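Undergrad: Sequence unavailable; structure follows:
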């Protein structure tokens, strides 16, 4: 389930494994804006921490207990969630980000068309849906999942 995301995230290490500093995480260059890294943590916390926050290839990701990546961020404003676009409020859907198949939707990490608190609540709800769907047999049968 993680193959397409890992292919997108994968980059070469810039330092030996285990090297961590302000701009290097486990040997990988931190290629995501620190504010977006904080936002990913904030969304997960607002959702009740249904996933574990980790860095994959220097990018923040949320990983479910079963090891499936349910969200990740990159760059300055790319935030993708393992959710069908039909499950996402259209005001959250972003017109930028990688094409990872219909099982992934890129969303605005700081939606401007939704009040701040409501936007955070919707993103948190989306995280809970993404994690809960992993146990659903109907989710597993979706193409590109």
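TA: That came in fine, so what should we check first? Source: prediction; values computed, not measured.
Undergrad: neighbours of the residue nearest to residue 57 when sequence neighbours are not counted, just the number please.
TA: Distances taken as Cβ to Cβ, 6 or more residues apart in numbering put residue 9 closest to residue 57, at 4.5 Å, once the chain neighbours are dropped. C-beta here means a position set from N, CA and C on the backbone, and glycine is covered the same way. Number of residues near residue 9 (other Cβ atoms under 10 Å) recorded here: 20.
Undergrad: Local confidence estimate at residue 9?
TA: Residue 9 is assigned a predicted lDDT (pLDDT) of 94.
Undergrad: How about residues contacting the longest helix seen in the chain?
TA: Using DSSP state H to define each element, the chain has its longest helix at helix 116-133. By Cβ atoms under 8 Å, 6 or more residues apart in numbering, the residues outside helix 116-133 that reach it are 42-44, 46-48, 50-51, 62, 64, 70-71, 81-83, 87-89, 92, 107-111, 114, 139.
Undergrad: Could you give the separation of it from the chain centroid?
TA: Relative to the chain's own centre, helix 116-133 is displaced by 12 Å; criterion: Cα atoms, centre = their mean, to the nearest Å.
Undergrad: Fine by me, we can end here.
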